[in-house]
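Peer 1: here's a sequence, model it:
(4 chains)
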There are 2 protein chains.
Amino acid sequence: MSISSRFAVAIHILSLLGINKDQINTSEWIAGSVNTNPVVIRKITGYLKNAGLVHVRPGVAGASLARDLSDISLLDVYKAVQAVPENELFGIHDQPNPACTVGRNIQQAIEPLFVTAQLALEKALGNVTIADVVSNILEQERQRSN
Amino acid sequence: MSISSRFAVAIHILSLLGINKDQINTSEWIAGSVNTNPVVIRKITGYLKNAGLVHVRPGVAGASLARDLSDISLLDVYKAVQAVPENELFGIHDQPNPACTVGRNIQQAIEPLFVTAQLALEKALGNVTIADVVSNILEQERQRSN
DNA sequence: ATTACATGTAATATAATAAGTTACAGGTTA
DNA sequence: TAACCTGTAACTTATTATATTACATGTAAT
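Peer 2: Numbers count the residues shown, from 1 in each chain, chains lettered A, B, ... in the order given. Model (predicted):
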């Protein structure tokens, strides 16, 4: 299955906070842009807060960036929202037959290979920042007006 | 969510076919090693057959390798079993608000970045073969006897 | 030919999970 | 105190993976 769209939504939120940094961005307003329920936004914002990426406080309207856009990588976001369960990108079948040579060794044989692939993915995500995303957004916006 | 364990099971199957190449490996026998239902095995074997990785024929017992173990990369298997739906590793929320600058551009802004990360993952998977997996299995088996 | 037994596959059941929603507790400010 | 926000628990709904049942079809040996 695909990686949770929570990751994409989180990127959306951060981009919005960057572009609308002079406004007050409430969960309801953000939800209107993402097109989902405000509670979904608040939950994701909570993840981002725990990771130190945004500021939000109970009772006070709006979320804001805690870091510069260029200092937030997609990997930061990916890990913040736990896009993948228990940090395990690849699912492995459990309880293979211990009476079989392959069955009793397959998990340990595969694991390091999966970890390597996972790290390659994470490295790629680490090379991109939200500033790049916003840059892409603004560039496309420019092209629309032509 | 994690990538389907169908991928890991397919690797298990191919490793088994390599190690037990002198035996007749029926879906029931393989299912015993993986610890699942024979129908699950037959379905995955069907994927592998379509990708030209194994030989199987209706009515005749057993599957066998169609290529050398060192000529089957994890990427071949990954694609064969469609470990990820529609080749889209990352899920993206749909119908963001077109009335918002971010909403109407976010999907296109993110997509190429996700593709890049996905390709990094696939490249890593392409660097490993089933022969490597079998090698790991046999190495672990050796260590057990010490 | 008929029997035994395998694969292929449709249909269904079960379980796990993501996303959306409701409801409300608790915090903040005017 | 009133208005309004965030935080969060509880629940619903939708989607999907995996397991299972049932059976059609193919093969080979007797």
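Peer 1: list the buried residues of stretch A:46-66.
Peer 2: Going by neighbour count (16 or more other Cβ atoms under 10 Å in any protein chain shown), the buried part of stretch A:46-66 is A:47-49, A:51, A:53-54, A:56, A:62-63, A:65-66. Where you see a C-beta, it was placed from the backbone N, CA and C, and this is true even at glycine.
Peer 1: stretch A:115-130 close to chain B?
Peer 2: Yes. Stretch A:115-130 comes into contact with chain B when judged by Cβ under 8 Å from any Cβ of the partner chain, the residues involved being A:116-121, A:123-125, A:128.
Peer 1: distance of the most far-flung residue of chain A relative to its centre relative to A:T36?
Peer 2: Note on chain A: the largest separation between a C-alpha and the mean C-alpha position, by Cα atoms, centre = their mean, falls on A:A99 (40.9 Å). Per Cβ to Cβ, to the nearest Å, A:A99 is found 49 Å from A:T36.
Peer 1: hmm, back to that, any chance of a ChimeraX selection covering the buried ones in the residues of stretch A:115-130 next to chain B?
Peer 2: Burial among the residues of stretch A:115-130 next to chain B is assessed by 16+ other Cβ under 10 Å; the matching ChimeraX selection reads:
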select /A:117,118,120,121,124,125,128
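Peer 1: JSON lines for the residues of stretch A:115-130 next to chain B, including pLDDT, secondary structure and distance to B:H12?
Peer 2: JSON lines is the format used below for the residues of stretch A:115-130 next to chain B (pLDDT from 0 to 100; DSSP: H, G, I helix; E, B strand; the rest coil; distance: Cβ to Cβ, whole Å):
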{"residue": "A:T116", "pLDDT": "97", "secondary structure": "helix", "distance to B:H12": "18"}
{"residue": "A:A117", "pLDDT": "97", "secondary structure": "helix", "distance to B:H12": "17"}
{"residue": "A:Q118", "pLDDT": "97", "secondary structure": "helix", "distance to B:H12": "19"}
{"residue": "A:L119", "pLDDT": "97", "secondary structure": "helix", "distance to B:H12": "23"}
{"residue": "A:A120", "pLDDT": "98", "secondary structure": "helix", "distance to B:H12": "22"}
{"residue": "A:L121", "pLDDT": "98", "secondary structure": "helix", "distance to B:H12": "22"}
{"residue": "A:K123", "pLDDT": "98", "secondary structure": "helix", "distance to B:H12": "27"}
{"residue": "A:A124", "pLDDT": "98", "secondary structure": "helix", "distance to B:H12": "28"}
{"residue": "A:L125", "pLDDT": "98", "secondary structure": "helix", "distance to B:H12": "29"}
{"residue": "A:V128", "pLDDT": "98", "secondary structure": "coil", "distance to B:H12": "34"}
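Peer 1: identify, from the residues of stretch A:115-130 next to chain B, the entry nearest to DNA strand C.
Peer 2: DNA strand C lies nearest to A:Q118 out of the residues of stretch A:115-130 next to chain B, by Cβ to the nearest atom of the strand, at 16.2 Å.
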